[in-house]
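**Q** Predicted coordinates and the sequence they were generated for:
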Amino acid sequence: MLKKCCCTKDDETVVQKRESIKKISSIAYVFLTIGVVAWAVVGLMIILEDIWVTLALPIETVPIGWGWFSLEVQLLRFEGASGFIPVMRTGWTSNFNDVIVSALISLSVVGLFTFVLLYIRSIFKYLKKGGSPFSGKISKAAYYIALGLFYYGIFDDVAGRGFMMIFPAALIALMGYIFDYGRKLQEESDTTL
């Protein structure tokens, strides 16, 4: 014998919205996974570049041109090797201490940005499994993302370009506070019902 469903239209809308959040989160999770891998490759190239310069290995300059477009690209290449890595930055110094500081800053920036990407990815992984956006896990992750962006801005500002990350960090921290407040309101509502 079949039981009659006593769901209301509002309950169906909530279920549809949760399913929509799951689908969008699944897509975002896949793109963020690809982004983390791509960032890891770029980060390793940046760190390898710092090590390369520290060891005073040769850098080749190769002209590249297509029709009216021409460009000179610096490449890191072992002697006799067919593979190469393009240089990500220009204006290297031969001062060993400057290169070590640059390598440590690069390692810090790559590590912090990887930390931020992994926390963003964890939010979508949680939502993809059906978790509520107004949960402690989401607000805590938002605080960690804001903290990571703040430190990223400070470390990257040493290199002269990261101060602008402090503003998004403040906005994400505010969003974390709003989601935490929403979680508390939801808990209060659940306990009164």
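**A** Cool, got the structure.

**Q** Look up the closest residue to residue 151, ignoring the ones flanking it.
**A** For residue 151, ignoring the flanking residues on the chain, the nearest one in space by CB to CB, 6 or more residues apart in numbering is residue 112 at 5.4 Å. From N, CA and C alone the C-beta is placed, and that goes for glycine too.

**Q** do you know how far the one you found is from residue 123?
**A** Separation of residue 112 from residue 123 (CB to CB, to the nearest Å): 17 Å.

**Q** mind listing the helices in the protein by residue range?
**A** 9-54, 96-128, 136-158, 166-192 (DSSP state H).

**Q** Need the ones you listed in a markdown table (columns: mean pLDDT and mean neighbour count).
**A** Below are the helices of the chain laid out as a markdown table (pLDDT from 0 to 100; neighbours: other CB atoms under 10 Å):
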| stretch | mean pLDDT | mean neighbour count |
| --- | --- | --- |
| helix 9-54 | 82 | 14 |
| helix 96-128 | 80 | 18 |
| helix 136-158 | 83 | 19 |
| helix 166-192 | 87 | 14 |
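
**Q** Surely residue 28 touches residue 122?
**A** No. Residue 28 is beyond contact range of residue 122, at 11.6 Å (criterion: CB atoms under 8 Å).

**Q** any residues in contact with both of those two?
**A** Common neighbours of residue 28 and residue 122, using CB atoms under 8 Å, 6 or more residues apart in numbering, do not exist here.

**Q** show me the contacts for the residue lying closest to residue 140 once chain neighbours are set aside.
**A** Distances taken as CB to CB, 6+ apart place residue 176 nearest to residue 140, at 7.6 Å, with adjacent residues excluded. Contact partners of residue 176, counting by CB under 8 Å, 6+ apart, are 138-143, 145-146.

**Q** Now distance to residue 108 too, for those, in CSV please.
**A** Output for the contacts of residue 176, formatted as CSV (distance: CB to CB, whole Å):
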residue, distance to residue 108
138, 26
139, 26
140, 23
141, 21
142, 22
143, 20
145, 17
146, 17
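
**Q** Done for today, thanks.
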